[in-house]
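Enquirer: 3D, please:
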Amino acid sequence: MLLASKPIADGGSISATIQVPFLDLQPQFAAIRAEILSSVERVLESQHFILGSEVKALEADVARLVECQFAIGCASGSDALLLALMALEIGPGDEVITTPFTFVATAGSIARLGARPVFVDINPDDFNLDPQKIEKALTPRTRAILPVHLFGRPAEMGAILQIAGRSDLAVIEDAAQSIGARWRPPACLALPWEQNQVSIRTGGYQQPA
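Expert: Alright, predicted model coming up:
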């Protein structure tokens with residue numbers, strides 16, 4: 001909601017309340033409506049709702065986009081994070097550094113395994129995890145750093161990877177809003193939530209190491 005005022009000749013003003021949507025996905029969908037409906041119809045006609053040729057083709061497209069050998073489709077972005085954490089055997093007693101400025105699934109995936117999310121503040125210039133504040137949050141229990149790439153802008157991965165390398169930490173990138181965005185090759189990975197209107201169910205990807 002926006003309150004706007006317009007000056008008038010006698011020195012007063014006229015005020016009006018304008019309804020401004022917080023998020024409007026209709027224009028985006030309108031631009032790709034025919035393509036989306038055609039794809040949905042093709043899946044419904046095939047009756048292959050789990051895996052199948054469409055998923056295989058999409059995984060290949062995503063792998064090409066982010067220049068990696070494999071991309072693995074998951075039921076959700078949350079599952080993709082959870083599987084990555086599980087692969088690192090992160091669990092009770094462990095700590096994972098991440099950002100508080102993100103969707104709940106980022107910290108929730110850490111907590112679900114019994115580990116502790118440790119929040120480090122963001123850089124106000126790009127809203128991503130601030131590398132300069134990471135080292136102060138490190139403890140002997142720290143196992144990984146989980147940056148989130150927001151609004152199509154990758155976090156400062158050079159600095160983050162240097163910190164991780166010095167402390168022998170894993171790095172898991174939550175790129176749910178930045179598929180294809182580049183800091184430096186390879187590109188970021190995952191489905192952007194701004195485009196979830198084109199999918200019956202949201203999805204995520206893992207990029208195997």
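
Enquirer: Helix, strand or coil: sort out Gly114 for me.
Expert: Here Gly114 is coil, with the state taken from DSSP: H, G, I helix; E, B strand; the rest coil.

Enquirer: What's the local residue count around it?
Expert: 11 (other Cβ atoms under 10 Å). C-betas here are computed from N, CA, C, even on glycine.

Enquirer: Contacts only, for it.
Expert: The neighbourhood of Gly114, defined by Cβ atoms under 8 Å, 6 or more residues apart in numbering, consists of Gly91, Pro92, Gly93.

Enquirer: go with 10 Å
Expert: Ile90, Gly91, Pro92, Gly93, Asp94 (Cβ atoms under 10 Å, 6 or more residues apart in numbering).

Enquirer: Which of the residues you listed lies at the shortest distance from Ser38?
Expert: Of all the contacts of Gly114, Ile90 has the smallest distance to Ser38: 41.2 Å, by Cβ to Cβ.

Enquirer: that older thread, are any of the contacts of Gly114 buried, and which?
Expert: Ile90, Asp94 (16 or more other Cβ atoms under 10 Å).

Enquirer: Which of the contacts of Gly114 sits closest to Ala176?
Expert: Nearest member of the contacts of Gly114 to Ala176, counting by Cβ to Cβ, is Ile90, at 19.0 Å.
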